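J.: Curious how this folds, go ahead:
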Amino acid sequence: MATFVLTVIGDDKSGLVDALAGVVDTHNGNWTTSQMSQLAGKFAGIVMVTIPNPSADAFVAALAPLEQTGLLDITVEQTGAAPPEPSTVLLLDLLGQDQPGIIADLSGALAERNVSIAELRTETRSAPMAGGLLFEAHAVLHVPPEETLESLTACVEELAETLMLDIELSAESA
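T.: Numbering: from 1, shown residues only. As a prediction, this is how the structure comes out:
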């Protein structure tokens, strides 16, 4: 089986997922994992599919009409599904006054410790009592074996204090 990771974006309208799923299905593929969302009038997503090796080239070619008709812009990457390095999985929850640079500071601190952000979901919303906007983030982190929980917790607490945010780290629940 050939494994592909597709990134897709297009003007939000009905039928986008169906068009993509139809191409996968026509080539006897399996839609394994995806994250998709509507943002500011656009529909964007990332999808992992597996396609039988004999159909792989035809599958990639069959995506072209979706782009040529302006339905979706698609980037296709074929990947060898290498086993992940051993790591501890932690959840990070962040909440605070919206301000520029939160994700840059957070991702920089994590990258310095070789912590990988496996999933990240963010949003801004109205602060009901104080006015302004709140920034909220939820992340799944893959922490390498050489990084201690104590060290990472201290780093996150320092960042929380500097940016005046509430940041919590917790173990992934089963």
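J.: what sits opposite the most centrally placed residue in the chain in the beta ladder?
T.: For the chain, the residue sitting closest to the mean C-alpha position, by Cα atoms, centre = their mean, is Glu119 at 4.6 Å. Beta bridges link Glu119 to Val140, judged by DSSP bridges.
J.: Could you do the one 5 residues further on as well?
T.: Listed by DSSP bridges, the beta-bridge partners for Thr124 are Phe135.
J.: That one against Ala137, yeah?
T.: No - look at Thr124 against Ala137 with Cβ atoms under 8 Å: they stay out of range, at 10.1 Å. Every residue, glycine included, has its C-beta placed from N, CA and C.
J.: So for those two, which residue has more residues nearby?
T.: Legend: neighbour count by other Cβ atoms under 10 Å for Thr124 and Ala137, higher for Ala137 (19 against 11).
J.: Which helix or which strand is home to that one?
T.: Assigned by DSSP states H and E, Ala137 belongs to strand 133-143.
J.: quick check: mean pLDDT across that strand?
T.: For strand 133-143, mean pLDDT is 93.
J.: That strand - contacts with which helices or strands?
T.: On a contact count with 3 or more Cβ pairs under 8 Å, 6 or more residues apart in numbering; DSSP states H and E, strand 133-143 meets strand 88-97, helix 102-112, strand 116-126.
J.: sorry, back to before: ok now do the residue nearest to the centre of the chain, which residues does it touch?
T.: Going by Cβ atoms under 8 Å, 6 or more residues apart in numbering, Glu119 touches 35, 138-140.
J.: The same query, at a cut-off of 10 Å, please.
T.: Contacts for Glu119 (Cβ atoms under 10 Å, 6 or more residues apart in numbering) come out as 35, 91, 138-142.
J.: what does Lys13 give?
T.: Counting by Cβ under 10 Å, 6+ apart, Lys13 has contacts 41, 43, 71.
J.: In which helix or strand does the second one reside?
T.: Element membership for Phe43 (DSSP H and E) is strand 42-51.
J.: Buried residues, that strand. List them.
T.: 43-45, 47-51 (16 or more other Cβ atoms under 10 Å).
J.: got it, and stretch 142-159?
T.: Those would be 142-143, 147, 152, 155-156, 159, for stretch 142-159 by 16+ other Cβ under 10 Å.
J.: List of residues touching it?
T.: Taking Cβ under 10 Å, 6+ apart as the rule, stretch 142-159 contacts 84-90, 92, 94, 102, 105-106, 108-110, 112-119, 141, 165, 167-169, 171.
J.: how distant is that stretch from the center of its chain?
T.: 21 Å (Cα atoms, centre = their mean, to the nearest Å).
J.: With that, I have no additional questions.
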